[in-house]
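Novice: prediction below, plus the sequence it came from.
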Amino acid sequence: MGSLGPMEIILIFLAILLLFGAKRIPEIARGMGKGIREFRSATREISNELSMDDSSENKIQSKSPMQGTPAPRQDNPPRESEPSAGSN
């Protein structure tokens, strides 16, 4: 299998011209270009999302407390004793 020569390329273009006609070829080319642009933008969005996920994981890991650091103390005020029902 070799590469396509100029004669083979001309034959392919003639076959496409006969199958679709001269008016239809620009429409097909526009549709293919639009599809390729949409595909590129979708792959770009996916790669951006993946890179953002990676960077957010790094930030979460770097903000975690160090080992051995005590948790902050939470002092609850003492409850006042409620009066008993028998003493008025």
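Specialist: Arrived safely.
Novice: per-residue confidence at residue 14?
Specialist: Note for residue 14: predicted pLDDT of 90.
Novice: quick one: secondary structure of it?
Specialist: helix (DSSP: H, G, I helix; E, B strand; the rest coil).
Novice: quick one, phi psi at residue 22?
Specialist: phi -70, psi -30 (degrees, to the nearest 10).
Novice: measure it to residue 29 for me?
Specialist: 12 Å (Cβ to Cβ, to the nearest Å). (C-beta placed from N, C-alpha, C; glycine too.)
Novice: between those two, which is the more surrounded one?
Specialist: Using other Cβ atoms under 10 Å as the criterion, residue 22 and residue 29 rank with residue 29 on top: 10 against 7.
Novice: which SSE is the more buried one in?
Specialist: helix 24-62 (DSSP states H and E).
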